[in-house]
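Enquirer: Starting from these lines, generate the structure:
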Amino acid sequence: MKWLTLLFTLWITLFAGQATAKSAVSPLTTNDCKTLQQSAVITANNPVNCQRLRRVTFDFIGFDGNGHRGQVTVLDIAAQQTAKLFKTLLKAGFALEQAQSMANYGGDDQRSMAQNNTSAFNGRAITNGKRWSLHAYGAAIDINPVQNPFVDIAKDGAVVVSPTEGARQFLNRLNVRPSKPQRQGMAEDVVDVFALHGYFIWGGDWNYPIDYQHFQLGPRRYVETLAKLSPQQAAELFNNNVNRFKQCWQQHQKLDKSQRRQTCIELILPQLKRK
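Expert: Residues are numbered from 1 along each chain as shown. Take a look at the predicted model:
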C-alpha cells in the first residue's frame with residue numbers, strides 16, 4: 001500500500017513540474033449569461049450582475065494522476081488572483097476531482113457536491129438560510145466537497161454531513177496515520193495558498209457549521225462592499241488587502257505556518273469588518 005502511495009505522489013510531482021500551468025481569465029459572453037439564467041444559476045435579483053463575473057479556466061491534476069482542464073466563475077476583481085491560485089495548486093501537485101460550471105447542475109449544490117465538483121459562483125441562498133450565499137457574489141470557492149465535507153450540527157447534537165460520501169472517510173482530518181496512505185485533496189494542505197491569493201476565510205475554522213470545502217474573500221460586509229464599489233475601486237481595495245497579507249507573511253517567516261496565517265489574518269480582519 002505504501003509503495004502505491006509513493007508512486008502516485010511521485011507521478012503527480014513529475015506531472016506538476018512539467019505542466020505548463022496555463023490559465024485564462026475572460027468575461028462572460030451574452031450566451032454565457034443566458035446559459036446561467038436558463039439553468040437558474042443567476043437571476044435578476046442576484047447581488048452582482050453577470051457583467052461583474054469572470055470565468056477562470058485552468059489546468060489541474062486529477063486524482064487519476066492525469067492533467068485536466070477546469071473552470072470556475074468568480075467576481076471580476078478576484079479573477080486574476082484566482083487564476084494564480086490554481087496555477088499554484090497545480091505546481092504543488094494538489095489534486096482536484098473536477099471543476100465545472102454550476103450551470104451543469106442547474107445550480108443544485110447538493111448534486112455538485114455529490115459529484116465532488118470544485119465550484120465558485122452560484123446565485124443561491126446560504127445553506128439552511130435566506131440570505132445570499134457569498135457564492136452568489138462570486139466571492140467563495142468550494143474545493144473537493146467529498147474530501148472536504150460540510151458538517152451541519154443541529155441543536156440536539158445531530159450531525160448531517162454533505163455530501164454523505166465524505167461522512168465515513170473524511171471527518172477524521174488527520175492526514176498522517178499509522179498504516180494509512182496519505183490522502184489527496186484535503187483543504188488543510190492549501191489553506192495558506194488560498195489566503196495568499198485573497199481568500200482569507202476558511203470554513204474549516206468555524207465552530208458551526210464546519211465547512212471544510214469553503215474559502216471566501218472575507219466577511220460578508222467586506223464582500224458586499226466589493227460588490228457595491230466600481231470595479232476599479234473594488235480592485236484597489238482587494239489588491240491592497242492581498243498585498244498587506246503577503247507583506248505580513250514575509251515578515252513572519254520564523255513562525256510555523258498555522259501561527260503565521262493566524263497572525264496575518266488577525267492583522268487585516270478588523271479592517272475588512274469595518275468596510
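
Enquirer: Correct me if wrong: Leu134 contacts Thr127.
Expert: No: contact criterion CB atoms under 8 Å: Leu134 and Thr127 do not qualify, at 11.4 Å. C-beta here means a position set from N, CA and C on the backbone, and glycine is covered the same way.

Enquirer: Looking at these two, which is more packed in?
Expert: Neighbour tally, Leu134 and Thr127, criterion other CB atoms under 10 Å: the higher count belongs to Leu134, 26 against 14.

Enquirer: Setting aside sequence neighbours, what's the nearest residue to that one?
Expert: Ala140 (4.3 Å; CB to CB, 6 or more residues apart in numbering).

Enquirer: Just the pLDDT for that neighbour.
Expert: Looking at Ala140, its pLDDT stands at 98.

Enquirer: Return the residues in contact with it.
Expert: Ala120, Ser133, Leu134, Tyr199, His214, Phe215, Gln216, Leu217 (CB atoms under 8 Å, 6 or more residues apart in numbering).

Enquirer: So what does it have for phi and psi?
Expert: Main-chain torsions, Ala140, degrees, to the nearest 10: phi -150, psi 150.

Enquirer: Show me the beta-bridge partners of it.
Expert: Ala140 has these beta-bridge partners by DSSP bridges: Gln216.

Enquirer: How much space separates the residue lying closest to Ala154 once chain neighbours are set aside from Ile143?
Expert: Spatially, and ignoring its direct neighbours in sequence, Ala154 is nearest to Val160 (7.4 Å; CB to CB, 6+ apart). Counting by CB to CB, to the nearest Å, the gap from Val160 to Ile143 is 20 Å.

Enquirer: One more: Arg168?
Expert: From Arg168 across to Ile143, the span is 20 Å (CB to CB).

Enquirer: go on, Leu75?
Expert: Distance check for Leu75 against Ile143: by CB to CB, it reads 17 Å.

Enquirer: so what's the closest residue to Val74 other than its chain neighbours up against?
Expert: Using CB to CB, 6+ apart and skipping the chain neighbours, the partner closest in space to Val74 is Gly138 (4.5 Å). Residues near Gly138 by CB under 8 Å, 6+ apart: Val48, Arg52, Leu53, Arg54, Thr73, Val74, Leu75, Asp76, Ala78, Ala120, Phe121.

Enquirer: nearest to Thr164, of those residues?
Expert: Set against Thr164, the nearest of those by CB to CB is Ala120 (22.8 Å).

Enquirer: Can you check the pLDDT for the closest one?
Expert: 98.

Enquirer: is it true that it touches Ser133?
Expert: No: judged on CB under 8 Å, Ala120 makes no contact with Ser133 at a distance of 11.0 Å.

Enquirer: Compare those two (neighbour count), which wins?
Expert: Of the pair Ala120 and Ser133, Ala120 is the one with more neighbours under other CB under 10 Å, namely 27 against 21.

Enquirer: How much space separates the closest residue in space to Glu165 that isn't next to it in sequence from Phe63?
Expert: Counting by CB to CB, 6+ apart, the nearest residue to Glu165 once its immediate chain neighbours are dropped is Val146, at 5.1 Å. Here the criterion is CB to CB. By it, Val146 lies 10 Å from Phe63.

Enquirer: Those two: which has the busier surroundings?
Expert: Between Val146 and Phe63, counted using other CB under 10 Å, the more crowded position is Val146 (20 against 17).

Enquirer: Checking that one next. Helix, strand or coil?
Expert: coil (DSSP: H, G, I helix; E, B strand; the rest coil).

Enquirer: Who are the contact partners of it?
Expert: Glu97, Met113, Asn116, Pro163, Glu165, Gly166, Gln169, Phe170.

Enquirer: Try it again at 7 Å.
Expert: Asn116, Pro163, Glu165, Gly166 (CB atoms under 7 Å, 6 or more residues apart in numbering).

Enquirer: now the helices for the stretch 151-275 of the chain?
Expert: Using DSSP state H, counting those that start in this stretch, the helices of the stretch 151-275 of the chain run over 165-170, 191-196, 220-228, 231-251, 257-274.
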